[in-house]
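[1] Give the three-dimensional model of this entry:
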Amino acid sequence: MGLAILFLMPVVASAQNAFDGTWKIDLSKAEFPKKPDIYLLQNGMYQCKTCVPPIDVKADGQDQKVTGHPYYDSVAIKVVSDHEIEETDKKNGKTVATSTMTVSPDDNTLMFSFSDSSNTSADPVTGKGEETRVAKGPAGANAISGSWRTTKVDTVSDNGLMWTYKVSGDELTMTYPTGQSYMAKLNGSQAPYKGDPGITSVAVKTMGKNTLEETDYRDGKAISIARMVVSPDGKTMKLMVDDKLRGTKSEFTAMKQ
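    Residues are numbered from 1 along each chain as shown. All right, here's what the predicted structure looks like:
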């Protein structure tokens with residue numbers, strides 16, 4: 001029996017080690033959620049109806065208190081024009097994220113850019129992209145109003161696209177350049193998730209050869225499930241993400257660095 005176990009161990013280790021290394025998302029192969037984002041800016045008030053929880057604040061450029069968001073506790077919306085707004089998010093008085101949304105002259109494309117340090121102990125994650133209009137907002141509202149679907153993300157800084165896995169025995173260690181990390185058993189038991197105010201614990205488990213499933217939890221509630229499948233040649237990884245908070249699904253492809 002002892003010899004049989006010893007012969008099996010290299011096979012298990014080999015399957016797990018397919019995940020070892022640093023991986024980077026290829027944005028050109030991303031499939032973004034089909035569910036649209038819904039905004040409304042009218043009569044001096046701004047609403048993000050699909051934010052979790054929803055945001056409903058004065059659009060006067062001043063900090064407005066919000067609750068229920070682990071990454072920020074105030075939001076300031078500055079109306080630049082009838083086609084552009086700027087948002088500043090703060091936590092405990094410190095700016096943790098800024099973003100700009102600009103609608104094209106034909107009202108059909110929303111261009112966004114952001115800088116986000118709300119869950120990083122290092123440099124902020126930055127990026128820009130586009131959303132396409134799905135439905136118009138009410139008459140007289142700012143052009144950002146309506147339903148929008150993300151169709152393209154042009155750029156994201158490397159610290160927002162990369163992570164490193166290391167398998168040792170029956171444990172998986174994950175680290176991000178932004179400071180998040182965990183060390184968890186590969187049997188689905190929960191372990192602490194460090195460095196992210198919105199994730200308190202994580203569970204990971206192998207599901208057949210070259211397949212790993214990660215479930216992120218916030219205060220005991222599953223908020224995201226991601227399944228990662230490494231290709232037979234070990235060079236690419238397919239990620240299928242089920243965002244339980246927002247009710248969306250997306251797919252990404254990562255390349256081993």
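[2] Tell me what Thr100 is bridged to.
    Partner residues in beta bridges with Thr100: Glu86, Ser113, with DSSP bridges as the criterion.
[3] what's the answer for Lys78, then?
    Listed by DSSP bridges, the beta-bridge partners for Lys78 are Glu86.
[4] and the host helix or strand of Trp163, how far out from the chain's middle?
    When elements are assigned from DSSP states H and E, Trp163 belongs to strand 162-168. Relative to its parent chain, strand 162-168 has a centroid offset of 18 Å by Cα atoms, centre = their mean, to the nearest Å.
[5] ok, that strand: who's next to it in the sheet?
    The partner list of strand 162-168 in its sheet, established with DSSP bridges, is strand 21-25 (antiparallel), strand 171-175 (antiparallel).
[6] can I get these in a markdown table with mean pLDDT, mean neighbour count and distance to Asp216?
    C-betas here are computed from N, CA, C, even on glycine. Converted to a markdown table, these look like this (pLDDT from 0 to 100; neighbours: other Cβ atoms under 10 Å; distance: least, Cβ to Cβ, whole Å):
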| stretch | mean pLDDT | mean neighbour count | distance to Asp216 |
| --- | --- | --- | --- |
| strand 21-25 | 97 | 17 | 17 |
| strand 171-175 | 97 | 18 | 11 |
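[7] Looking at these, spot the one closest to Thr67.
    Ranking the strands paired with strand 162-168 by their distance to Thr67 (criterion: Cβ to Cβ) puts strand 171-175 first, at 30.0 Å.
[8] That closest one: what's the following helix or strand?
    Under the assignment DSSP H and E, the closest C-terminal helix or strand after strand 171-175 is strand 181-185.
[9] can you give me the angle that next one makes with strand 162-168?
    Orientation note: strand 181-185 sits at an angle of 30 degrees relative to strand 162-168 (axes from the mean of the first three to the mean of the last three Cα atoms, to 10 degrees).
[10] tell me which residues of the helix or strand just after strand 181-185 are tucked away?
    Past strand 181-185, heading to the C-terminal end, the next element that is a helix or strand (DSSP H and E) is strand 187-194. For strand 187-194, burial by neighbour count (16 or more other Cβ atoms under 10 Å) applies to 190, 193.
[11] Restrict the helix or strand following strand 187-194 to CA atoms and write it as CSV.
    For strand 187-194, the succeeding helix or strand toward the C-terminus, using DSSP H and E, is strand 201-206. Included here for strand 201-206 are C-alpha records, laid out as CSV according to Å, rounded to 0.1, in the frame of the first residue of the first chain:
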residue,chain,number,x,y,z
SER,A,201,-11.9,34.0,2.6
VAL,A,202,-11.3,31.6,-0.4
ALA,A,203,-11.7,28.0,-1.2
VAL,A,204,-9.9,26.2,-4.0
LYS,A,205,-10.2,22.6,-5.3
THR,A,206,-9.0,20.6,-8.2
